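# Quick check, what structure comes out for this input:
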Amino acid sequence: MDAKQAAKRLQALRDELNHHLYRYHVLDAPEIADAEYDALFDELTALEQQFPDLVTADSPSQRVGGAPLGEFQQVTHEVAMLSLDKCTTSDELQDWIVRCQGRLDQPDELSFTCEPKIDGVAVALLYEDGVLARAATRGDGQVGEDITANVRTVKSVPLRLTGSGYPARFEVRGEVYIPQQDFEAYNHAAAESGAKPMINPRNGAAGSLRQLDPKITAARPLTMFCYSLGWSDGSWQPQTHVEVIQCLQEWGFRVNPLLSEVADLEQCVTYVDDILAQRAELGYDIDGVVIKVNNLDQQQELGTVTRKPRWAIAFKYPAEEATTQIVNVEFQVGRTGAITPVARLKPVFVGGVTVSNATLHNMDEISRLDLRIGDWVMIRRAGDVIPQVVSVIDSKRPADAELVQLPTRCPSCNSPIVRPNDEAVARCSASHNVCPAQRKEGLKHFASRLAMDIDGLGDKLVEQLVDHGLVETAADLYRLQADTLITMERMGQKSADNLIAALERSKSTTLARFIYALGIREVGEATATGLANHFGAMETLQNADAEQLEAVEDVGPVVASRIVEFFADTQNVAVVTQLVALGVQWPDVAIKREQPLSGQTWVLTGTLEQMNRNQAKAHLVDLGAKVAGSVSAKTTQVVAGPGAGSKLAKATELKIPVMDEAAFLEYLQQHGIDTSQ
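Residues are numbered from 1 along each chain as shown. Purely as a prediction, here's the structure:
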């Protein structure tokens, strides 16, 4: 191959690879398998090594990171990167709108855009003739740092634009961040390899962009949402912010699908509330909503003040991170005997609530954090997630900080604590029949909504019943009488009667729910459903050996051994027998080798009004579907209720079928699911 032929082939490879990068990292809709992409990339790099003079700035090979930098060069922004004014209430937002109206010649034409405020790192991208020429940090707003070599490694940033009509020279601004799932995966891998984990996604993104070695940045799971035009050469004259975002998307930039145009304060507040409700499900960290005047001429008319634009404001949500001090570390016992360290904290307001406890997972996590009693720590609470200790603030460690020691005896039953060599979790060596804490947690699990769904049997009542010696096993729950229950604290006659009625209703269940309710270690909802569908009857499952159990989808040697071990315990079998004798029943399952939704992936989003999310998920699992938490090209169907946001937008973008709740209920009924319960 001569140079002319190589140049032609290289251009074809670059175009094809950039197309597939866009499909994968921007649209999340790949068209080829990873191995096919790798083969094209290998061909590209081999040709570029053979013809180094033909390497171009927009080549996908330039994303892997070049030679380390000696230092970052300073960049003076042609138009300052301003910071936003903030508000936290609808009254403050209304005041801002009134101020905007008062400064405009035609305030009646005012409209706005709203979009999530990504908690990442602001970056400015300069494009010349459609090719990425420079990337810079915000810095102090006037002067930033040149991080072009690092940003080239971010696969969602186009090195060459697609389409046509873009200016010869212009700047796009956006936020580089790390998705939550990728952050967790990175830290998990770092912990296993002994590398230093990231403190949180935002710090991780900032640190990744300021690596002097671009190869390190290339190994970090960075992505980017572009949110505005910085400036352009004037050949492009968009009228609105919405038009800007639409054009950026056409030219290959990744933009947030949740951007919405709204007309007034009421619609702004509705959007702010909707995004707050979805915050825990977005898959990335946000700290509020950015609200902008949509018309660009009106933005110019409003201008700026003290380095802040008058035409935009950030509605800030309660912080999800805060600092506080570790008062003590206590150890709790779970239903499987797992010993979990729990940090007792000086109460601190975070994520909209006052937090006084945080999970520490296990002793390995305490070692990783190098945490001691008395330390000042950063804690994080996202949505309804249990608060977690993110990092220790070493500079504030008191001189008398104490090491955390794993107890040698169970705090509940005083049995020895053991830690098998292959497990990170320490456990009480006693069985649930001996350990009161395991017994309580097992009963709470048995009564939970996804198990036997015993309404009114709360955690505190379970603890009272065990402490008073009234309940030892799940079977004892069905022997309770109202006269006994009313002797419990805060339990009147009506509450007692209601609980007895709830216990009676719970006797009619399904085999899958019953298996899950037994609390067999490693057996979750999906595995319980798989076991029920495979064996069809409880007796068959009880008598199955490890080889027969491993024939069930997703049941491996470890899970199979847990099930065999559970039914080898005569006390466990006796409880199952007693439960059946007391009236707990379920229809035997017609053994299904192939279920209607087998192999399909469904996603639930928004608020379901006729049933809760767990019920809907259980019905889908019963039909053989996998229920995922995010939409991708592999998603089969999306069920969208009121308030559906990014998942619905992604489904629409990928042309994935969407049904509302009414259609979903009808669909379930067609497949024999009773939705009236």
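
# Could you use CA atoms for every contact and neighbour count after this?
Will do.

# starting at the chain centroid, how far to the helix or strand encompassing Q438?
Q438 is part of helix 436-447, with elements assigned from DSSP states H and E. Chain-centre distance of helix 436-447: 28 Å, with C-alpha atoms, centre = their mean, to the nearest Å.

# Contacts for the lengthiest helix in the chain, please.
Identified as the longest helix of the chain according to DSSP state H is helix 3-25. Helix 3-25 is touched from outside by 29-32, 37, 40-41, 44, 47-48, 51, 54, 58-60, 155-156, 158, 252, with contacts defined as C-alpha atoms under 8 Å, 6 or more residues apart in numbering.

# Now it: buried residues?
Buried residues in helix 3-25, counted by 16 or more other C-alpha atoms under 10 Å: 6-7, 9-11, 13-25.

# which element follows that helix toward the C-terminus?
Using DSSP H and E, the helix or strand that follows helix 3-25 in sequence is helix 34-50.

# now the strands for the stretch 251-400 of the chain?
260-262, 286-293, 304-305, 308-309, 312-316, 321-333, 338-350, 353-359, 372-373, 376-380, 388-392 (DSSP state E, counting those that start in this stretch).

# worst average pLDDT in those strands?
Here the lowest mean pLDDT among the strands of the stretch 251-400 of the chain goes to strand 304-305, at a mean of 84.

# which non-adjacent residue is nearest G524?
With C-alpha to C-alpha, 6 or more residues apart in numbering as the criterion, G524 has its nearest non-adjacent residue at 6.2 Å, and that residue is Y516.

# Just to check, the one you found is in contact with E522?
No: in terms of C-alpha atoms under 8 Å, Y516 does not count as a neighbour of E522; the distance is 10.0 Å.

# quick one: low-confidence ranges for the stretch 401-550 of the chain?
Counting by pLDDT under 70, the stretch 401-550 of the chain shows low-confidence ranges at 422.

# can you give me the helices in it?
Using DSSP state H, counting those that start in this stretch, the helices found in the stretch 401-550 of the chain span residues 436-447, 459-467, 474-477, 482-485, 493-506, 511-517, 525-535, 538-542, 546-549.

# Any buried residues in the last one, and which?
It refers to helix 546-549. Neighbour-count burial for helix 546-549, with 16+ other C-alpha under 10 Å as criterion, is recorded at 546, 549.

# Quick check: what element follows that helix along the chain?
Using DSSP H and E, the helix or strand that follows helix 546-549 in sequence is helix 557-568.

# Tell me the helix or strand right after that following helix.
Of the helices and strands lying after helix 557-568 in sequence (DSSP H and E), the nearest is helix 570-581.

# same for the next helix or strand after that following helix, what does it pack against?
Next helix or strand after helix 570-581 toward the C-terminus (DSSP H and E): strand 601-605. Identification of packing neighbours for strand 601-605 by 3 or more C-alpha pairs under 8 Å, 6 or more residues apart in numbering; DSSP states H and E yields helix 613-622, strand 626-628, strand 637-640.

# Pick the most buried one from the ones you listed.
Neighbour counts (mean count of other C-alpha atoms under 10 Å) averaged over each of these peak at strand 637-640, with a mean of 22.

# tell me, how many neighbours does T137 end up with?
For T137, the neighbour count with other C-alpha atoms under 10 Å is 25.

# Make sure it is actually in contact with V151.
No: using C-alpha under 8 Å, T137 is not in contact with V151; the gap is 10.1 Å.

# Touching both of these two, which residues are there?
By C-alpha under 8 Å, 6+ apart, no residue touches both T137 and V151.

# rewinding a little: of all the helices of the stretch 401-550 of the chain, which lies closest to T88?
Proximity to T88 (C-alpha to C-alpha) singles out helix 459-467 among the helices of the stretch 401-550 of the chain, at 35.5 Å.

# Show residues contacting the closest one.
So helix 459-467 is in contact with 436, 439-440, 443-444, 471-472, 488, going by C-alpha under 8 Å, 6+ apart.

# So which residue is dead centre in the protein?
Nearest to the mean C-alpha position of the chain, by C-alpha atoms, centre = their mean, lies G283 at 4.2 Å.

# Could you measure from it over to A219?
Per C-alpha to C-alpha, to the nearest Å, G283 is found 20 Å from A219.

# Looking at the strands of the stretch 251-400 of the chain, spot the one closest to M224.
Closest to M224 of the strands of the stretch 251-400 of the chain, according to C-alpha to C-alpha: strand 286-293, at 13.3 Å.

# Could you spell out the sheet neighbours of the closest one, each with its direction?
When pairing is defined by DSSP bridges, strand 286-293 lines up against strand 112-118 (antiparallel), strand 312-316 (antiparallel).

# Now render those as JSON lines, adding distance to P398.
Output for the strands paired with strand 286-293, formatted as JSON lines (distance: least, C-alpha to C-alpha, whole Å):
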{"stretch": "strand 112-118", "distance to P398": "35"}
{"stretch": "strand 312-316", "distance to P398": "33"}
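
# one step back: and the buried ones among the contacts of helix 459-467, selectable in ChimeraX?
A single ChimeraX command selects the buried members of the contacts of helix 459-467 (16+ other C-alpha under 10 Å):
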select :436,439,440,443,444,471,472
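
# Can you tell me which of the contacts of helix 459-467 lies closest to W236?
The closest of the contacts of helix 459-467, once distances to W236 are taken by C-alpha to C-alpha, is K444, at 62.8 Å.

# so the closest one sits right up against G458, yeah?
Yes: assessed by C-alpha under 8 Å, K444 is found in contact with G458 at 7.4 Å.

# Could you tell me the end-to-end distance of stretch 550-570?
First-to-last distance for stretch 550-570 - C-alpha to C-alpha - comes to 22 Å.

# how close does the spatially closest residue to E320 that is not a sequence neighbour get to K4?
Nearest non-adjacent residue to E320, counting by C-alpha to C-alpha, 6+ apart: G351, 4.4 Å away. Look at G351 and K4: by C-alpha to C-alpha, they are 60 Å apart.

# that older thread, now, of the contacts of helix 3-25, which are buried?
Applying 16+ other C-alpha under 10 Å to these flags 29-30, 37, 41, 44, 47-48, 54, 58-60, 155-156, 158, 252 as buried.

# Farthest-apart pair in these, please.
Taking C-alpha to C-alpha as the measure, the buried ones among the contacts of helix 3-25 span a maximum distance of 30.2 Å, between A29 and L54.

# which residues sit in contact with the residue nearest to L582 when sequence neighbours are not counted?
Using C-alpha to C-alpha, 6+ apart and skipping the chain neighbours, the partner closest in space to L582 is Y478 (6.8 Å). For Y478, the contact set (C-alpha under 8 Å, 6+ apart) comprises 503-504, 579, 582.

# Export those to TSV and append columns for neighbour count and distance to Q101.
Formatted as TSV, the contacts of Y478 follow (neighbours: other C-alpha atoms under 10 Å; distance: C-alpha to C-alpha, whole Å):
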residue	neighbour count	distance to Q101
L503	23	60
E504	15	62
L579	19	69
L582	15	70
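
# hang on, D108 is in a helix, isn't it?
Yes: assessed with DSSP: H, G, I helix; E, B strand; the rest coil, D108 lies in a helix.

# Can you classify the residue lying closest to it once chain neighbours are set aside as helix, strand or coil?
Of all residues not flanking D108 in the chain, Q101 sits nearest, at 7.8 Å (C-alpha to C-alpha, 6+ apart). Secondary structure for Q101, judged by three-state DSSP, is helix.

# who's in contact with Q101?
107-108, 110.

# ok, the residues you listed vs S646, which is closest?
L110 (25.8 Å).

# Make sure that closest one is actually in contact with A263.
Yes: counting by C-alpha under 8 Å, L110 touches A263, with 7.5 Å between them.
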